[in-house]
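Trainee: Test case, fold it:
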Amino acid sequence: MRRAAALTVLGLSACGYPLTQLAARRWDRAGVVVAESVCAGLAIRDAAMVAGGAPDRLRPVPAALLRLELAAGIVASLAGMHALLDARPPGRPAPGRCSAETVRRAAVATLFALHTIRFGIYLSPDQGRRSVRPAAEPITP
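Mentor: Below you'll find the predicted structure:
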């Protein structure tokens, strides 16, 4: 990936939460569908990476971040389903202590924060991979 494109994607990832909020407020249900699609897409991609064994090829911190990002994506997707099915306008939380909208917002913010950190690690020279140590030379007498 070219450096300019990578930095653009990194910037969009960092702005992911505010962009989802803006889409939901600007385009009502269509914006909620877009935000939900992005969260579900990230969760599906992360699930495919975990199922494909990516955590085994990563250093411990990036592997843990991938698993946390998957969990946040699942929570964001499930909480976003409530926003799709709710009769209230998007972005208006239900009265109460901890609404599904509050959970959704926290999960989406966490999802994009983790995604941004992981993408930043991916842009590093080793891409967060475990170092492959060459096999030890046999000692000959």
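Trainee: what element comes up after the biggest helix by length in the chain heading to the C-terminus?
Mentor: What stands out as the longest helix in the chain, according to DSSP state H, is helix 16-51. Going down the chain from helix 16-51, the next helix or strand is helix 54-57, by DSSP states H and E.
Trainee: If you count neighbours, what's buried in that following helix?
Mentor: For helix 54-57, the neighbour count (16 or more other C-beta atoms under 10 Å) marks 54-55 as buried. Yep, even glycine has a C-beta here, placed from its N, CA and C like the rest.
Trainee: can you offset everything so residue one is 490?
Mentor: Happy to do that; since the first residue is 490 now, the last one works out to helix 543-546.
Trainee: what about the helix or strand just after that helix, distance to the chain center?
Mentor: Remark: after helix 543-546, the chain's next helix or strand is helix 549-574, criterion DSSP H and E. Helix 549-574 sits 7 Å away from the centroid of its parent chain (C-alpha atoms, centre = their mean, to the nearest Å).
Trainee: How about stretch 593-604?
Mentor: Worked out by C-alpha atoms, centre = their mean, stretch 593-604 lies 7 Å from the chain centre.
Trainee: quick revisit: for the longest helix of the chain, buried residues please.
Mentor: 505-506, 508-510, 512-513, 520-525, 527-529, 531-532, 535, 538-539.
Trainee: So which elements touch that helix?
Mentor: helix 549-574, helix 589-611 (3 or more C-beta pairs under 8 Å, 6 or more residues apart in numbering; DSSP states H and E).
Trainee: Make JSON lines out of those and add distance to residue 496, mean pLDDT and mean neighbour count.
Mentor: Listed next are those as JSON lines, based on distance: least, C-beta to C-beta, whole Å; pLDDT from 0 to 100; neighbours: other C-beta atoms under 10 Å:
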{"stretch": "helix 549-574", "distance to residue 496": "19", "mean pLDDT": "94", "mean neighbour count": "19"}
{"stretch": "helix 589-611", "distance to residue 496": "10", "mean pLDDT": "95", "mean neighbour count": "20"}
